[in-house]
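Asks: only geometry, no sequence info:
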């Protein structure tokens, strides 16, 4: 297993589901050593097996890369857990097996979310600077959509289900040496589609980490979502609080214009926050995880994955980090 404590703050590449030659060479050409996979395309309807995980690790190593993180298992792996439905015990057994298999394969971080009805946007063709295409969200439009799971799931229910899961999965994470990194709700609003969303404010993140204080439990700190919460206010304070406690495991570095109720995803340097101030704060709190882009605008003649948009954002992050670390 990689000793994460020995690594510096650094930039990674990822948000792809397969380790193709093109993606791996792209990582090399960007000068990066860490790759992350998001909802990897792997065999298994209910869990991931050691052999397939080990193949992914070996595949990344062929190109001199560390497979540092898997972000998001398929929702079908733990939807009954999130909703407290019949069958959650079986899903729990399979999630425990997946975490143990990750540890055995040497993959040190599993990113997770608590959104049974996933990420929401109301426009996926929002034009921004220079005609680049991005996403936007409007809560009034979203609230016109029907319930996604047939009834209202209250905040109390979702907390009870969350506590049931974390009390069982974190001991497995400790045994396997796998960090469990919580992503904010996206968008961070109290309810969508009839399902309460827990992770839309500082107080609820604090509650989750205080209630489940395992050293394996921390944050996938999505800067864009934290920026959405209060229009950029509170971002530096949240990094200070969780960063000084060693609870930020890795960072999604992106931004938006607007607030959780009505926002547009934008280029990294024209959002609510000052990116240099955010990078300085990460340095100052001793953050030593990886930083990755996330949702990026699609630039002219871009690929479906967004090679041009990702070159822009990754290059920006690399330059910003170098400047801040040299200051």
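Replies: Received it, and whenever you're ready, just let me know what you need. None of these values were measured; they are calculated from a predicted model. Numbering: from 1, shown residues only.

Asks: relative to residue 177, how far out is the closest residue to residue 184 other than its chain neighbours?
Replies: Nearest non-adjacent residue to residue 184, counting by CB to CB, 6 or more residues apart in numbering: residue 225, 3.7 Å away. Where C-beta positions appear, they are placed from N, C-alpha and C, glycine not excepted. The spacing between residue 225 and residue 177, counted by CB to CB, to the nearest Å, is 27 Å.

Asks: thinking again about what came up before, so who does the residue nearest to residue 184 touch?
Replies: Residues in contact with residue 225, defined by CB atoms under 8 Å, 6 or more residues apart in numbering, are 183, 184, 185, 186, 187, 188, 252.

Asks: cool, and residue 19?
Replies: Shown in contact with residue 19 (CB under 8 Å, 6+ apart): 35, 37, 56, 59, 60, 67.

Asks: which element is the closest residue to residue 50 other than its chain neighbours on?
Replies: In space, and not counting its chain neighbours, residue 50 is closest to residue 101: 4.2 Å by CB to CB, 6+ apart. Using DSSP states H and E, residue 101 falls within helix 88-105.

Asks: let me see the confidence value for the residue nearest to residue 184.
Replies: We have a pLDDT of 97 for residue 225.

Asks: so it is in which element?
Replies: Residue 225 belongs to helix 223-229 when elements are defined using DSSP H and E.

Asks: what's the following helix or strand after the top helix by length along the chain?
Replies: In the chain, assigned by DSSP state H, the helix with the most residues is helix 155-176. Counting by DSSP H and E, the element after helix 155-176 in chain order, helix or strand, is strand 179-182.

Asks: contact partners of that following strand?
Replies: For strand 179-182, contacts defined as CB under 8 Å, 6+ apart pick out 4, 69, 71, 108-114, 169-170, 173, 199, 205, 208, 214, 216-220, 249-250.

Asks: just the ones of these in helices?
Replies: Cross-referencing the contacts of strand 179-182 against helices under DSSP H gives 169, 170, 173, 205, 208.

Asks: just among these, which is most surrounded?
Replies: Among the ones in helices among the contacts of strand 179-182, residue 169 has the most neighbours (other CB atoms under 10 Å), with 25 neighbours.

Asks: leaving out chain neighbours, which residue sits closest to that one?
Replies: Once flanking residues are discounted, residue 169 sits nearest to residue 95: 6.1 Å by CB to CB, 6+ apart.

Asks: ok, now residue 39?
Replies: Nearest to residue 39 is residue 72, by CB to CB, 6+ apart, at 4.6 Å.

Asks: give me the phi and psi for the one you found.
Replies: When read as degrees, to the nearest 10, the backbone of residue 72 gives phi 80, psi 110.

Asks: surely it touches residue 115?
Replies: No. At 10.0 Å, residue 72 does not count as touching residue 115 under the criterion of CB atoms under 8 Å.

Asks: in strands only, show me the contacts of strand 179-182.
Replies: 69, 71, 109, 110, 111, 112, 217, 218, 219, 220, 249, 250 (DSSP state E).

Asks: what's the distance between the residue lying closest to the last one once chain neighbours are set aside and residue 323?
Replies: Spatial nearest neighbour of residue 250, chain neighbours left out: residue 289 (4.3 Å); criterion: CB to CB, 6+ apart. Residue 289 is 19 Å from residue 323, where distance means CB to CB.
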